[in-house]
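> Quick one, what's the 3D model for this:
(2 chains)
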Amino acid sequence: MVIVRRKELSLLEKLYLPEIARGLSITFRKLFEKKITRQYPEEPLPKDEVTRGQPRLVVKDDGNIACVSCGMCEIACPAYAITIDGGETDRAIEREPVHFEIDMLRCILCGFCEEACPKDAIFMSDELELADYSRGALIYDLAKLKRPKSALQKRIDYVYRLNNRWRKSPSTR
Amino acid sequence: MNPLLRDILVWLVKAGVVYGGLLGVAAGMTLAERKVSAWMQYRHGPNRVGPWGLLQPIADGVKFIFKESLTPDGANRWLFRFAPAIAAVPAMMTVAVIPFGPAVPLPDSWGVPAAFTNLSVTDLDIGLMYLLAIGGLSIYGVILGGWASNSKFSLLGGLRASAQMISYELTLILTILAVVALSGSLSLRGVVEAQPDFWEWNVFHQPLAFVLFSIAAFAETNRHPFDFAECEPELVSGFHTEYSSMRFALFALGEYCAMVVMASLWTTLFLGGYKVPFWENAPWFVCVAAFCAKTSLFLFLYLWVRWTLPRFRFDQLMHLGWKVFLPLALVNLFLTGAAVSYGVDLW
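This next block holds a predicted model:
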C-alpha cells in the first residue's frame, strides 16, 4: 500500500488567482523565446559525412563513371533494387554499364552496395529527399544517378578513413 | 437630399462596418489562436499561406466550403441543420448595441443640416438587457446541435454546456448589475459615459466584479478552462462531433463572434469603453482606436488563458459557480447597492 501525502496548499495557492497569474506570466515569457521548429524546405536538414542518403554513381574527373558493371552491388543489394546491363567500351576498363537502374522505392539505404563496390564507383550521398508524382519517376537511371566526385568527396573520405582504421587496428596488424 | 435618406445611409454604413469588422476579427481570431498557441510552444504557427500566414483564414474557409456536409443516420434533419445558425446568429445580433466610439459630426452637405451620429449600430436604452437576453439564446444552438446529432457524445456535450451556461450566466448578470447600479444606466453608452476619467473606470471601483465577470466570461463563451461543451478527451468533440463542412464552420464562427462581443462588453463595462485614458474629448478616431486596442487586449487574454490553464473537472466547475462565485457576486451587488443608495463613495 502506498500512502500519497498531497502537499498542503497555502491560502494564496487555494485562491487560485495568484497561481493563475504565475502560469500566465510563464506562458507570456515563452511567447518571445526562440522557436525550435525547423522550417524544413527552407532550412535543410543537418548533413555531414556520416549521413547515409541515397546511393549515387561517382563520375571521375575525366568525365567517365567509375563503374565497370561487375554486378557486385546488384548481388549485395538485399532489396533487389539495383539492375545493371553491362556493355563494352573503348576505354581501358573495357566494360561499362549500358543501363544502371536503382529503384528508389525498393532501396533501403543500407549502404551494402557502397561496401561491395571494388572500384569505388558507388557511394551513399547526402541526398535524402525522395518524392515524386509516379512510381516510374522513382526508378533512377544513369542520368539521375551520376554525381561528380567532388559532390561525394566528404563521404568518400569518410569511408576511406573508416576502412583505414580497421586495417591499422592492433588485432589485425 | 432628404435627411431621412442620409440617416438610412449612415446607418447602413455603420452596420456594414460593424458586421464586417466582427466577421473580420472573428476570422482573424482563428489565425491568432493558432499563432499564439504556436508561439507559446516554441513553434512558428501557420506561415505558408500568404505573408506570415495571414491568408490562412481564407484558405480554411475555402476548405470548409468544399468539404462534404454529413448528416448522421437518425439525426433530426431540421434541427441538425438549424442548430449552427442558432449558435452563430445571437452573437451577430448582440454586437449591434456595442458602442465603439463617441458621437461623430456629420458635415453640412447636400442641403442637409449638420448633425451627430453615435458610433454604434443602435443605442438601445436597455442595451445591456437586450444583449444578455439575445446572447443567452446562443445556448440553444449548442444543446439543439448536441441533441439533434443522435450521438451520445454530442448530447452529453450539449447538456454540459447548458448546465454550465445557466450557472455562470447568473454570476455574469449579478456582476453586470453591480456595474449598472454604479453607473445608473442600462444603456451601454450610458455605462461608458459614467466612467469618463481613467480613475473612474469600473475596474478600479468594482475590482471583485471585474474578476468575477472575467471568469464568468470564459465560461459563458465556452472557452478554456471551461470548454466542457467540447472536452476532447472525454467527448470526442462534444456537441459538434457529428458536424462537418460549413455547419461546423458556423459553430466555430459563432464561438469566435461571441468572444469578440464578450471582449467588447468587457471593455465597455470595466475599461471605460471607447474613452482614451488621460485625454478627455479625444477625436473620435482615437476613441475608436482605443476601443479596438482594449478589446484586442481581452481577446488576447482569451487565447493566453486557453494555452496556459488545463481544463477543470465538471464538478469543480459547478462547485466554483454555485458555491463561490454566486455568493461573492451577491455580496458584491449588496455592498454596491448599499453604497449607492446611501451615497457612500466606496473608493
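> and A:Pro78, how many neighbours?
A:Pro78 has 10 neighbours, counted by other C-beta atoms under 10 Å in any protein chain shown. C-beta coordinates here come from the backbone N, C-alpha and C atoms, glycine included.
> Test my guess that it contacts A:Leu109.
No - between A:Pro78 and A:Leu109 there is no contact under C-beta atoms under 8 Å: 11.2 Å.
> Excluding chain neighbours, give the residue nearest to residue 149 in space.
Went with chain A since none was named. Excluding its sequence neighbours, the residue lying closest to A:Lys149 (C-beta to C-beta, 6 or more residues apart in numbering or on different chains) is A:Val58, at 5.3 Å.
> That was the other one, I meant chain B.
Per C-beta to C-beta, 6+ apart, closest to B:Ser149 is B:Glu242, 4.0 Å.
> Assign the one you found to helix, strand or coil.
The three-state label given to B:Glu242 by DSSP: H, G, I helix; E, B strand; the rest coil is coil.
> Could you tell me the model confidence score at it?
At B:Glu242, the model reports a pLDDT of 83.
> I'd like the distance between A:Ile20 and chain B.
According to C-beta to the nearest C-beta, to the nearest Å, A:Ile20 stands 7 Å off from chain B.
> if I pick that residue, what's in contact with it?
B:Val305, B:Thr308, B:Leu309 (C-beta atoms under 8 Å, 6 or more residues apart in numbering or on different chains).
> do A:Ala151 as well
Residues in contact with A:Ala151 (C-beta under 8 Å, 6+ apart) are A:Arg56, A:Ser125.
> buried set for the lowest-mean-pLDDT helix or strand in chain B?
The helix or strand of chain B with the lowest confidence, counting by mean pLDDT, DSSP states H and E, is helix B:232-235 at a mean of 74. Neighbour-count burial for helix B:232-235, counted by 16 or more other C-beta atoms under 10 Å in any protein chain shown, picks out B:Leu235.
> And stretch B:136-150, by the same measure?
Result for stretch B:136-150 [16+ other C-beta under 10 Å]: buried residues B:136, B:138-149.
> what would the residues you listed look like in JSON lines with pLDDT and distance to B:Thr30?
Below are the buried residues of stretch B:136-150 laid out as JSON lines (pLDDT from 0 to 100; distance: C-beta to C-beta, whole Å):
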{"residue": "B:Gly136", "pLDDT": "83", "distance to B:Thr30": "25"}
{"residue": "B:Ser138", "pLDDT": "82", "distance to B:Thr30": "18"}
{"residue": "B:Ile139", "pLDDT": "84", "distance to B:Thr30": "22"}
{"residue": "B:Tyr140", "pLDDT": "86", "distance to B:Thr30": "23"}
{"residue": "B:Gly141", "pLDDT": "84", "distance to B:Thr30": "18"}
{"residue": "B:Val142", "pLDDT": "85", "distance to B:Thr30": "19"}
{"residue": "B:Ile143", "pLDDT": "86", "distance to B:Thr30": "24"}
{"residue": "B:Leu144", "pLDDT": "87", "distance to B:Thr30": "24"}
{"residue": "B:Gly145", "pLDDT": "85", "distance to B:Thr30": "19"}
{"residue": "B:Gly146", "pLDDT": "84", "distance to B:Thr30": "22"}
{"residue": "B:Trp147", "pLDDT": "87", "distance to B:Thr30": "26"}
{"residue": "B:Ala148", "pLDDT": "87", "distance to B:Thr30": "25"}
{"residue": "B:Ser149", "pLDDT": "85", "distance to B:Thr30": "23"}
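> Now, those that are in helices?
The subset of those located in helices under the criterion DSSP state H comprises B:Ser138, B:Ile139, B:Tyr140, B:Gly141, B:Val142, B:Ile143, B:Leu144, B:Gly145, B:Gly146, B:Trp147, B:Ala148.
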